[in-house]
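Novice: Sequence first, then the predicted structure, then my questions.
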Amino acid sequence: MHISKQRQIEGEKTREDIYRYLVENPASKPMDIANHFDVSQATVSRHLKAIRDGWRPEDEGQSNA
């Protein structure tokens with residue numbers, strides 16, 4: 001797999017993880033999230049902006065039935 005594709009996949013996973021963390025911990029501050037996932041605050045800020053702009057995981061709202 002090409003390195004840029006691998007980084008894209010990792011970034012998508014991180015964004016989904018941050019989203020799910022926020023659902024469970026809505027009062028979390030960016031520093032808390034960065035520490036929890038061991039990523040930079042800049043990374044968290046980029047993902048939070050996307051989430052605020054309406055990004056949602058692809059499987060959100062779908063049932064497992």
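Specialist: That came through fine.
Novice: Closest to the centroid, which residue in this structure?
Specialist: In the chain, the C-alpha nearest the mean C-alpha coordinate belongs to residue 15, at 1.8 Å (Cα atoms, centre = their mean).
Novice: any idea which helix or strand comes after the longest helix seen in the chain?
Specialist: In the chain, assigned by DSSP state H, the helix with the most residues is helix 3-24. For helix 3-24, the following helix or strand on the C-terminal side (DSSP states H and E) is helix 30-37.
Novice: elements contacting that following helix?
Specialist: helix 3-24, helix 41-52 (3 or more Cβ pairs under 8 Å, 6 or more residues apart in numbering; DSSP states H and E). Heads up, the C-betas are built off the backbone N, CA and C, glycines and all.
Novice: Could you dump those into CSV with distance to residue 33 and mean pLDDT added?
Specialist: What follows is the helices and strands packed on helix 30-37, written out as CSV (distance: least, Cβ to Cβ, whole Å; pLDDT from 0 to 100):
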stretch, distance to residue 33, mean pLDDT
helix 3-24, 6, 95
helix 41-52, 5, 97
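Novice: so which of those helices is the most packed in?
Specialist: Highest mean neighbour count of those: helix 41-52, a mean of 15 (counted as mean count of other Cβ atoms under 10 Å).
Novice: Just to check, residue 36 is in contact with residue 21?
Specialist: Yes. Proximity of residue 36 to residue 21 meets the contact threshold set by Cβ atoms under 8 Å, at 6.6 Å.
Novice: Touching both of the two, which residues are there?
Specialist: Taking Cβ atoms under 8 Å, 6 or more residues apart in numbering as the criterion, residue 36 and residue 21 both touch residue 28.
Novice: residues touching the closest residue in space to residue 15 that isn't next to it in sequence, list them.
Specialist: Nearest non-adjacent residue to residue 15, counting by Cβ to Cβ, 6 or more residues apart in numbering: residue 47, 4.6 Å away. Residues in contact with residue 47, defined by Cβ under 8 Å, 6+ apart, are 14-15, 18-19.
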